[in-house]
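> Turn this into a model:
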Amino acid sequence: MRLPHHGAGQTVLAEINITPMVDVMLVLLIIFMVTAPMLQQGVDVDLPEVNASSVASTDEDLVLSIHKDGQLYLGKDAKTSFSIISIEDKLNAIFANKQKKELYLRADKDVPYGFVVKVMALCQKAGVERVGMITVPEDKEQK
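Got it, this is the predicted structure:
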């Protein structure tokens, strides 16, 4: 029995060519590096420490209240309500010339979490740098 003849001076190449695999891996690496920063979205909120104490408020502090029906109220004015569409323009006008760009958010407990996050994102878009959450202590809530 004779082995097949490959011609004069020809040998069989028994190595695996890994160049195409390296090319594919580099392309995938570049794709993941480009898309990873796009996956991270959110609203920056300064979370309180474990022992959170009450914050001293002044008359200058702006409070945005969210009613359970989705209406938004600014400050102590309970007569003028805003929708989620119109509040951005109002906040832009308020915070355009302010040095202290803080807002306190007071939301009804029946308001969906997603709606509160939308409002917080609008606040951030309007130039608010810090958002504080107003809550009721647990012992007062049960009454």
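> any idea how far residue 62 is from residue 15?
Residue 62 sits at a distance of 71 Å from residue 15 (criterion: Cβ to Cβ, to the nearest Å). C-beta coordinates here come from the backbone N, C-alpha and C atoms, glycine included.
> Compare those two and say which is more crowded by neighbours.
Using other Cβ atoms under 10 Å as the criterion, residue 62 and residue 15 rank with residue 62 on top: 17 against 5.
> And for the closest residue to residue 127 other than its chain neighbours, the neighbour number?
Using Cβ to Cβ, 6 or more residues apart in numbering and skipping residues adjacent in sequence, the residue nearest residue 127 is residue 95, 4.4 Å away. Other residues near residue 95 come to 19 when the count uses other Cβ under 10 Å.
> give me the number of residues near residue 119?
Neighbours of residue 119 using other Cβ under 10 Å come to 24.
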